[in-house]
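What shape does this take:
(chains A and B)
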2 protein chains.
Amino acid sequence: MREHGGNLDQAVQRFGGRAQDWIDLSTGINRQPYPVGEIGQQYWSALPSHSDIESLHEAARQAYGTSASILAMAGAQAAIQLLPRLAPRGRARVLAPTYNEYVAALSVAGWDVADVPTFDALAGADLAVVVNPNNPDGRRHNKAELLALLTRVGRLVIDESFVDATPGLSLATEAGRPGLLILRSFGKFYGLAGLRLGFALGGEADIAALSAMAGPWPVSGAAIAVGRRALLDRDWAKATATRLERDCPRLDAEAKSQGWRLVGGTPLFRLYETEDARAAQERLAGARIWSRVFERQQRWLRLGLPGDEAEWARLTVALSR
Amino acid sequence: MREHGGNLDQAVQRFGGRAQDWIDLSTGINRQPYPVGEIGQQYWSALPSHSDIESLHEAARQAYGTSASILAMAGAQAAIQLLPRLAPRGRARVLAPTYNEYVAALSVAGWDVADVPTFDALAGADLAVVVNPNNPDGRRHNKAELLALLTRVGRLVIDESFVDATPGLSLATEAGRPGLLILRSFGKFYGLAGLRLGFALGGEADIAALSAMAGPWPVSGAAIAVGRRALLDRDWAKATATRLERDCPRLDAEAKSQGWRLVGGTPLFRLYETEDARAAQERLAGARIWSRVFERQQRWLRLGLPGDEAEWARLTVALSR
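Numbering: from 1, shown residues only, chains lettered A, B, ... in the order given. Reported below is the predicted structural model:
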C-alpha cells in the first residue's frame, strides 16, 4: 500500500497502545464528525434503490451548488480508480506534490503520467489533475486560472476533497463544462471516512461512463441515509467551517512555539516545516498522537486539527514536553 | 439499468403505496437479517485500517472454509465490474439463463461474450462463468463437474452468491487452484444487501490484481464491523440455513395451490412456472407483495421467502383472493 495518512495500524505497531488510545491527526478527517444518528433497517437490508440514490444526488447538488450530472461513489478514491478508463490512454500530468493515488492509478493502467511542479506545465496534457486546495500543502487556484487551464487540456480533473470548509474555492458551479470533472469527498469534512462516500460531477457523458463502470449499486444504504441528511444540513456545514477556520490559528500557534514554519494548509489540516519531521512525529507518538510525515520531504509534518478540548489539551502537553 | 429484483421503486410507481408498505420478495435477500447491532464510532470516522480489513478477510476464510487469498469488495457486483480487466480480452461464455450483469460487464469491455445453454458449451472459453446454485432456476453443479471444467477453460468464475444456505455445494475449499475465481455475496444470506459486501477468493495473483483495481479502501467501516461479526457467528448461519430449508416446502405448497410448477430454486428464492407471470405479479402487487418476472420467460415468477409469520399470512391471503 502506498503512503497514506490514517495508517494507525503502523502507529500502534511501532509505538504501542490500542488504536482507540490514539488521537489520529495523520489525516485531514474532521474529528468532530457529523452525527450518524438512526439508520432505518431498510438501508441495511435492501439494495439501494434508484430513487434513494437520486435523492442523495439531489442533496449533493444542493450542497455543492450545481445542477450538473453527478454520481455518488465509494469515496473520491473510487473515482480515481476508474479515471484511467474514462478516456483513451494518453498523456497525463499531475500538479505535485499531491495525493499519490493519481499517478499510481494512471501509471498502472498504462498512461504516460508524470508529476509536474508548476501549474503551467499541465498545459497540453490529455488529462490534467489539480487538487484544489492541495493536499498536503494547501496550494490553491482560483476559478479564472482553472477555467483558463480547461481550454488548454483534454480533460481537467479538479479534486476538491478538501474544499468543503472554503466553498468559495469550488468549481462545482461550473460542472458540466466540456472536459471538466470535479471530485468531491464526503468523509473528510463530515468526519465519516469509513462511510466511503464521494461524488463525481461533470458532463453527462463522463458521469454516465463512470456510472457504468461503478455498477448499479455504487454506494451503501448507510452512505445514502447519512450522506443525504448531512449534505442537506447547511447549518452544520457552516458551523463546522467556522470552527475549523477558528481553530487553524490555534494549531499554527502551537506549531510556531516549536519553531515549525507553516508551509500551508486547509481548514482540515496544516503542513509544517520542521527541523526533523520524524523526530517530531516520534515525540507526538509518545503521547499517542499520530501525525503524517513524507518520504520525499523529510522536514514536512502534516497535522489534522484536534477535535474537542481534551484533544487540544493532550496536544499542548505533548508539545510542551 | 438492467432488469433486477429489488426494484421496489417500480412497484411503488406502478401500484402505489410507500416502499415500507411492501413485502419485497423480488430478490433472494433473506428477510430475517442478521442484527446490525452497535457499530463503534471509529468504523464511521476512520478510514478502514489494514488490520481491520485483514480481520474481515480472516472471518470470511473461517466462514467459507478456505485459507486462500481473499478480497473484501463492495458486493459480488464489485468483482463483476472488475472481472473484464482481470485478463486480456478473449472469449467469455456464461451458463445461462443467469444473472445478467456478467454478459453486460464483459460485453461493454469488448470481450467476445455469449450466453450458452449447456455446461459443456463452456469448454474452451478463456473465461467461463457458472452461477452455482444458479439464479433464477437453482440449477447446481457438483465439485467434480466444476473441477473438470476448470481444466478445460482459461479461467473459471464460480458465482456462489446463493450458496450460503447449502455450503456443501461451495468450491471455496478449492480456492487457490490456478484459474479458479470464486465470488461470494454477503448481503443475500445475511439479509444486509445495503451494506455492500462480498468477497473474491482465488489465486494470489488474481486477488492482488483485483485489490489493485479496487483501491485501498474497498469496503466501508460498517461492512467490516458487521460483516466480521456475522461471519464468525456460525450458530446464526446454521439456524438460518435450517429455517430457510424448512420454509421452502411451505412456499412451494402455496405456489402449488395456485397451479404454479416449481422450476427450481435455492433456500433463498423459488422459481415457479405460472400461466401468466405478469398477471400473478399484479395479483400479488395488489396486496403490496413484490415479485420478480422475466422479460424473456413470460411464465416465470421468482419469489423470495417471506420473513416472519405476518409476512407469510399476507402472502397466504393474497394468494387466496
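
interface residues of the stretch 201-321 of chain A facing chain B?
Within the stretch 201-321 of chain A, the positions lying close to chain B (Cβ under 8 Å from any Cβ of the partner chain) are A:A212, A:M213, A:A214, A:G215, A:P216, A:W217, A:P218, A:V219, A:S220, A:G221, A:A222, A:A223. Any C-beta I mention is one placed from the backbone N, CA and C, and that applies to glycine too.

rerun at 7 Å
A:A212, A:M213, A:A214, A:G215, A:P216, A:W217, A:S220, A:G221, A:A222 (Cβ under 7 Å from any Cβ of the partner chain).

Quick check: the gap between the fifth one and B:S257.
Read it as A:P216. 35 Å (Cβ to Cβ, to the nearest Å).

With the first one instead?
When Cβ to Cβ is the yardstick, A:A212 and B:S257 sit 43 Å from each other.

Just the pLDDT for A:R18.
Note for A:R18: predicted pLDDT of 93.

mind listing what it touches?
A:V12 (Cβ atoms under 7 Å, 6 or more residues apart in numbering or on different chains).

Angles on the backbone of it, please.
phi -100, psi 160 (degrees, to the nearest 10).

tell me which strands and helices whatever helix or strand A:A200 lives in is in contact with?
In the assignment (DSSP states H and E), A:A200 maps to strand A:198-202. Where contact means 3 or more Cβ pairs under 7 Å, 6 or more residues apart in numbering or on different chains; DSSP states H and E, strand A:198-202 is packed against strand A:69-73, helix A:76-82, strand A:180-185.

In this structure A:A59 contacts A:D233, no?
No. Taking contacts as Cβ atoms under 7 Å, A:A59 lies outside contact range of A:D233: 9.5 Å.

Please say which of A:A212 and B:S257 ends up with more neighbours.
Shown here are A:A212 and B:S257; by other Cβ atoms under 10 Å in any protein chain shown, A:A212 has more neighbours (14 against 11).

ok, now which ones touch A:T274?
Residues in contact with A:T274 (Cβ under 7 Å, 6+ apart) are A:W260, A:A280, A:R299, A:L301.

Could you rerun that using 8 Å?
A:T274 is in contact with A:Q258, A:G259, A:W260, A:A280, A:R299, A:W300, A:L301, counting by Cβ atoms under 8 Å, 6 or more residues apart in numbering or on different chains.

Would you mind checking those residues for buried ones?
Buried subset of those (neighbour count, 16 or more other Cβ atoms under 10 Å in any protein chain shown): A:W260, A:A280, A:R299, A:W300, A:L301.

The third one: what secondary structure?
Yep, that's A:R299 we're talking about. strand (DSSP: H, G, I helix; E, B strand; the rest coil).

tell me the contacts of it?
By Cβ under 8 Å, 6+ apart, the neighbours of A:R299 are A:E273, A:T274, A:E275, A:D276, A:A277.

same check, this time on the first one
By Cβ under 8 Å, 6+ apart, the contact list for A:W260 reads A:Y272, A:E273, A:T274, A:A280, A:L301.

Could you do the fourth one as well?
With contacts defined as Cβ under 8 Å, 6+ apart, A:W300 is in contact with A:P136, A:V263, A:L271, A:Y272, A:E273, A:T274, A:A277, A:V293, A:F294.

so the strand holding A:A200 versus strand A:69-73, what angle?
160 degrees (axes from the mean of the first three to the mean of the last three Cα atoms, to 10 degrees).

what's the helix or strand just after strand A:198-202 packed up against?
Per DSSP H and E, strand A:198-202 leads on to helix A:204-214 as the next helix or strand towards the C-terminus. On a contact count with 3 or more Cβ pairs under 8 Å, 6 or more residues apart in numbering or on different chains; DSSP states H and E, helix A:204-214 meets strand A:69-73, helix A:76-82, strand A:198-202.

Pretty sure A:A200 sits against A:A74.
No. If you go by Cβ atoms under 8 Å, A:A200 and A:A74 don't touch, sitting 11.3 Å apart.

got the buried residues for stretch A:285-293?
Buried-residue list, stretch A:285-293, by 16+ other Cβ under 10 Å: A:A285, A:R288, A:I289, A:W290, A:S291, A:R292, A:V293.

got it, and stretch A:122-140?
For stretch A:122-140, a neighbour-count test (16+ other Cβ under 10 Å) marks A:122, A:125-140 as buried.

same check, this time on stretch A:187-204
Applying 16+ other Cβ under 10 Å to stretch A:187-204 flags A:187-203 as buried.

Just give me the longest helix of chain A.
Longest helix of chain A, by residue count under DSSP state H: helix A:234-256.

Count the neighbours of A:E282 for me.
A:E282 has 14 neighbours, counted by other Cβ under 10 Å.

start to end distance for stretch A:106-119?
19 Å (Cα to Cα, to the nearest Å).

no no, stretch A:26-36
22 Å.

The residue nearest to A:Q20 when sequence neighbours are not counted and A:A313, how far apart?
Spatial nearest neighbour of A:Q20, excluding adjacent residues (Cβ to Cβ, 6 or more residues apart in numbering or on different chains): B:Q42 at 6.6 Å. Distance of B:Q42 to A:A313, computed by Cβ to Cβ: 21 Å.

now swap in A:P133 and tell me
28 Å.

what do you get for A:K188?
Using Cβ to Cβ, A:K188 is found at 24 Å from A:A313.

same check, this time on A:W217
43 Å.

In terms of neighbours, single out the busier of those two.
Per other Cβ under 10 Å, whichever of A:W217 and A:A313 has more neighbours is A:W217, with 22 against 11.

thinking again about what came up before, okay, among the contacts of A:W260, which ones form the most distant pair?
The span of the contacts of A:W260, defined through Cβ to Cβ, is set by A:E273 and A:A280 at 10.5 Å.

what is in contact with those two at once?
A:W260, A:L301.

among the helices and strands packed on strand A:198-202, which is nearest chain B?
Counting by Cβ to the nearest Cβ, chain B lies closest to helix A:76-82 out of the helices and strands packed on strand A:198-202; the figure is 4.5 Å.

Please pull up the helix or strand immediately following the closest one.
Remark: after helix A:76-82, the chain's next helix or strand is strand A:91-95, criterion DSSP H and E.

List the buried residues for that next one?
The neighbour-count check on strand A:91-95 (16+ other Cβ under 10 Å) flags A:A92, A:R93, A:V94, A:L95 as buried.
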